[in-house]
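Undergrad: Here's my sequence, what's the structure:
(chains A, B, C and D)
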4 protein chains.
Amino acid sequence: MSGEMTTSRLEAFSDGVIAIVVTIMVLELHAPSQPTWVALAKVAPQMCSYALSFLVVAIMWVNHHHLIHAVHKVTAGLLWSNLYLLFWMSLVPFVTDYLGKNPHEPLAVALYGLDLTLCSSAFIVLRMVLIRQDRHDPAMAEYHASVQRKNLLSAALYLLSAPLAYFSVYASFFVFVLIPAKYFLPEKRLGGD
Amino acid sequence: MSGEMTTSRLEAFSDGVIAIVVTIMVLELHAPSQPTWVALAKVAPQMCSYALSFLVVAIMWVNHHHLIHAVHKVTAGLLWSNLYLLFWMSLVPFVTDYLGKNPHEPLAVALYGLDLTLCSSAFIVLRMVLIRQDRHDPAMAEYHASVQRKNLLSAALYLLSAPLAYFSVYASFFVFVLIPAKYFLPEKRLGGD
Amino acid sequence: MSGEMTTSRLEAFSDGVIAIVVTIMVLELHAPSQPTWVALAKVAPQMCSYALSFLVVAIMWVNHHHLIHAVHKVTAGLLWSNLYLLFWMSLVPFVTDYLGKNPHEPLAVALYGLDLTLCSSAFIVLRMVLIRQDRHDPAMAEYHASVQRKNLLSAALYLLSAPLAYFSVYASFFVFVLIPAKYFLPEKRLGGD
Amino acid sequence: MSGEMTTSRLEAFSDGVIAIVVTIMVLELHAPSQPTWVALAKVAPQMCSYALSFLVVAIMWVNHHHLIHAVHKVTAGLLWSNLYLLFWMSLVPFVTDYLGKNPHEPLAVALYGLDLTLCSSAFIVLRMVLIRQDRHDPAMAEYHASVQRKNLLSAALYLLSAPLAYFSVYASFFVFVLIPAKYFLPEKRLGGD
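TA: Purely as a prediction, here's the structure:
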């Protein structure tokens, strides 16, 4: 009776939220009032945390697209898992700003890692919905399982980055840069001329 | 002569506004300048009010999707009722911020309840347009009537939460959490594998 | 060779900008830090100017939809006229905020009227493109001419509201409320059950 | 296995980001608290830099549309080049704000020129992807080559504007106005009644 949601609708709404998340982060970059290199250098950590988050959110957008593309049917479970993902993604501007303002503080670094852990957990939950949906299709089941292993690794690394920050924030930064790099490469398979 | 609006156009515009509403609320969450748990704890009420509003707006989005899906024809009445809904939804970031900054103040709690009452009233008006449209279809009429009863209950509870805040803000919070929970469950019927 | 733009693409981009314009205005409504009716009353003028602008922009959105619907071909003239419209619409949040903060100052009222005059001028230019396009279709030409008369009247009234503010801001407010009311009624023809 | 992205999806996401970029810039225009012409005059440089950026981003949007329209297949290279473009475009509000606050400072002018250089470089990279894609189609190859020459010229001029600002900011402003004007004219070919 009540109309079922199509994947394109779900995708359009998610895209809207992700496009806004990625763009409003720039509003936290306040142009320094003094036009000097010194004043500009103070914005550098915020600029770096913005660039990192832009990359992370862009990768999530690409992954989200591939994920939704494999969906047959928008179930309630999928809908709410997707909103769970969007919630944690919507907090990325907050943790990015906090990190940019306190790049050497373990708490800010840990919170950043924690929010990305929660985003990753949402991808795991979403993939679980797909695994259940395709449980009678061996080829797809195999594909989902391989993606899920990558998701679990990312989530584990992000989770590790949080306590790691209390030993060395640079170790956490290494994790933050490593995970996008790891995701970047396999995406190469997507195309080629 | 003047082109009739399709439901997909109405939906696209509404989705745009709702996606922005849900995402800009995070801009009100200002990262504390001091990287301590104490400073972070001060942001906690704002974080909670943000999470609540995210859930409430997400539910409205799902309900709005089902509602628009049942529309045959975009009449002027529907168009303006929809803009009436979007207006009150667009104030959610404002009342959320006010609540987050003054979580123990009856006025802030009552205003939050009032805005959600007005959002609910818009859903009632929109459903009335659908009831009129489907008045010759007994099955749909029955379906609309059952949804409308839920809408009326939500509106009544939200309206109650406003004066309740002057006795106990916690009673109002209970209402704010109860209504999403109530809507959450029936949505389960949407899918299932 | 270079792909021609479809009206749906033009519409999607315009809708995106208009949805953002209408929603970001609420970010200028800063929740008062003190939870008292007195503090809240100070936000009242900003709330009123926000509500007025929401209505004005919503009407522009509806009119824009009807206008684009009548377009056969996206010419360069249409594309740039549309960007000219979006530019002045994008300034609505600025003049709304200025008006909300200085509701009794002729300058703020005049600037608000001026920006709406420029928005109206964009609708006149856009309609001129359509009039040229349909110059061999008598029925459409008649329709365009009747809409254009309404556009010219709105633009003239908005233009009048600017100097009027220096005599009485209330006279300008009357114009600001009158024009939406005038547009609201004919839209009734759009539907009906 | 993993779903290939269609150009319409890429376009929708890009449009979302570009629409937000163009609109949030207006949030940096803070309405002066004093309702005087003198106070308003102080906002004038910011208003001018906003108008310039609106025009620049609008032209990029039109060019981006034509570019994506010529794409046959969304390859990984195209996807990441597009995100590279969106990243530099997302910084336009930041450099615009900085320029608007320091219109006479070489550093702010140079940074503005630099960001537009990087945006132009993204268009060059995107066009290179298209040139490779259409390398067996002489007519398209010719077309791409002619667009690429224009892109290279724009990038070179923007790059020149950065050091130029240390001699005269007005020379850089001349470049900033010249390039949109240059792009504006050829677009005329797009339509005509």
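Undergrad: anything in stretch A:98-105 sitting right up against chain D?
TA: No. Judged by Cβ under 8 Å from any Cβ of the partner chain, stretch A:98-105 and chain D are separated, with a smallest distance of 12.7 Å. From N, CA and C alone the C-beta is placed, and that goes for glycine too.
Undergrad: So which bits of that stretch are buried?
TA: Counting neighbours by 16 or more other Cβ atoms under 10 Å in any protein chain shown, one finds that the buried residues in stretch A:98-105 are A:98-103, A:105.
Undergrad: by contact count, what packs against the top helix by length along chain A?
TA: Counting residues, the longest helix in chain A under DSSP state H turns out to be helix A:37-69. Of the remaining helices and strands, those touching helix A:37-69 by 3 or more Cβ pairs under 8 Å, 6 or more residues apart in numbering or on different chains; DSSP states H and E are helix A:7-24, helix A:76-90, helix A:92-101, helix A:106-133, helix A:169-187, helix D:76-90, helix D:106-133.
Undergrad: So which bits of it are buried?
TA: Within helix A:37-69, the residues that count as buried by 16+ other Cβ under 10 Å are A:40, A:43, A:46-47, A:49-50, A:52-68.
Undergrad: What of stretch A:152-163?
TA: Going by 16+ other Cβ under 10 Å, stretch A:152-163 has these buried residues: A:154-155, A:157-159, A:161-162.
Undergrad: tell me the mean pLDDT over that stretch?
TA: In this model, stretch A:152-163 has a mean pLDDT of 94.
Undergrad: do stretch A:176-189 as well
TA: The average of the pLDDT scores along stretch A:176-189 is 69.
Undergrad: before we move on, what about stretch A:69-76?
TA: Stretch A:69-76 carries an average pLDDT of 83.
Undergrad: same deal with stretch A:87-104?
TA: When pLDDT is averaged along stretch A:87-104, the result is 93.
Undergrad: and the longest helix of chain A with helix A:92-101, angle?
TA: 150 degrees (axes from the mean of the first three to the mean of the last three Cα atoms, to 10 degrees).
Undergrad: circling back: among the helices and strands packed on helix A:37-69, which is the most enclosed?
TA: helix A:92-101 (a mean of 25; mean count of other Cβ atoms under 10 Å in any protein chain shown).
Undergrad: if you look at that helix, does any of it touch chain C?
TA: No. With Cβ under 8 Å from any Cβ as the threshold, helix A:92-101 lies outside contact range of chain C, at a closest distance of 13.5 Å.
Undergrad: starting at the chain centroid, how far to that helix?
TA: The chain centre lies 14 Å from the centre of helix A:92-101; the measure is Cα atoms, centre = their mean, to the nearest Å.
Undergrad: Equivalent analysis for stretch A:59-69, please.
TA: Taking mean C-alpha positions (Cα atoms, centre = their mean), stretch A:59-69 and its chain are 10 Å apart.
Undergrad: Stretch A:144-160 too?
TA: For stretch A:144-160, the distance from its own C-alpha centre to the chain's C-alpha centre is 12 Å (Cα atoms, centre = their mean).
Undergrad: Kindly format the C-alpha coordinates of it as PDB.
TA: Output of stretch A:144-160 as PDB, limited to C-alpha atoms (Å, rounded to 0.1, in the frame of the first residue of the first chain):
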ATOM      1  CA  HIS A 144      30.300  -9.000  -0.800                       C
ATOM      2  CA  ALA A 145      32.500 -11.100   1.500                       C
ATOM      3  CA  SER A 146      35.600  -9.600   0.000                       C
ATOM      4  CA  VAL A 147      34.300  -6.000   0.300                       C
ATOM      5  CA  GLN A 148      33.300  -6.800   3.900                       C
ATOM      6  CA  ARG A 149      36.800  -7.900   4.800                       C
ATOM      7  CA  LYS A 150      38.100  -4.500   3.600                       C
ATOM      8  CA  ASN A 151      35.400  -2.800   5.600                       C
ATOM      9  CA  LEU A 152      36.200  -4.700   8.800                       C
ATOM     10  CA  LEU A 153      39.900  -3.900   8.300                       C
ATOM     11  CA  SER A 154      39.200  -0.200   7.900                       C
ATOM     12  CA  ALA A 155      36.900  -0.100  10.900                       C
ATOM     13  CA  ALA A 156      39.500  -2.000  13.000                       C
ATOM     14  CA  LEU A 157      42.300   0.500  11.900                       C
ATOM     15  CA  TYR A 158      40.100   3.500  12.700                       C
ATOM     16  CA  LEU A 159      39.200   2.100  16.100                       C
ATOM     17  CA  LEU A 160      42.900   1.500  16.800                       C
END
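Undergrad: can you list the residues that contact it?
TA: With Cβ atoms under 8 Å, 6 or more residues apart in numbering or on different chains as the contact definition, stretch A:144-160 has outside contacts at A:70, A:113-114, A:116-117, A:120-121, A:123-124, A:127-128, A:130-131, A:134, A:175, A:178-179, A:182-183, A:186.
Undergrad: ok, 7 Å please
TA: A:113, A:116-117, A:120-121, A:123-124, A:127, A:130-131, A:134, A:175, A:179 (Cβ atoms under 7 Å, 6 or more residues apart in numbering or on different chains).
Undergrad: Could you find the lowest-pLDDT member of the residues you listed?
TA: Note: of the contacts of stretch A:144-160, the lowest pLDDT belongs to residue A:134, at 86.
Undergrad: unless I'm mixing things up, that residue is touching residue A:128, no?
TA: No. Using Cβ atoms under 7 Å, residue A:134 is not in contact with residue A:128, being 11.2 Å away.
Undergrad: Alongside chain B, which residues does chain A contribute?
TA: For chain A, the residues found near chain B under the criterion Cβ under 7 Å from any Cβ of the partner chain are A:1-3, A:5, A:9, A:12-13, A:16-17, A:20-21, A:24, A:27, A:74-77, A:79, A:83, A:87, A:90-91, A:93-94, A:97-98, A:101-102, A:105, A:107-108, A:132-133.
Undergrad: now do 6 Å
TA: Selection of chain A residues close to chain B by Cβ under 6 Å from any Cβ of the partner chain yields A:1-3, A:5, A:13, A:16-17, A:20-21, A:75-76, A:83, A:87, A:90, A:93-94, A:97-98, A:102, A:105, A:107-108.
Undergrad: Now do residue A:48 against residue A:99, distance only.
TA: With the distance defined as Cβ to Cβ, to the nearest Å, residue A:48 ends up 9 Å from residue A:99.
Undergrad: same check, this time on residue A:149
TA: Residue A:149 is 28 Å from residue A:99, where distance means Cβ to Cβ.
Undergrad: ok, now which ones touch residue A:120?
TA: A:154-155, A:158 (Cβ atoms under 6 Å, 6 or more residues apart in numbering or on different chains).
Undergrad: So which of the residues you listed are in helices?
TA: Using DSSP H, the subset of the contacts of residue A:120 located in helices is A:154-155, A:158.
Undergrad: How about residue A:67: what's its closest non-neighbour residue?
TA: residue A:126 (5.8 Å; Cβ to Cβ, 6 or more residues apart in numbering or on different chains).
Undergrad: Looks like the one you found contacts residue A:83 (just checking).
TA: No. With contact defined as Cβ atoms under 6 Å, residue A:126 does not count as touching residue A:83 (10.8 Å).
Undergrad: Quick check: the closest residue in space to residue A:91 that isn't next to it in sequence vs residue A:94, distance?
TA: Leaving aside its chain neighbours, residue A:91 sits nearest to residue A:115 (5.3 Å; criterion: Cβ to Cβ, 6+ apart). Distance of residue A:115 to residue A:94, computed by Cβ to Cβ: 8 Å.
Undergrad: now residue A:162
TA: 16 Å.
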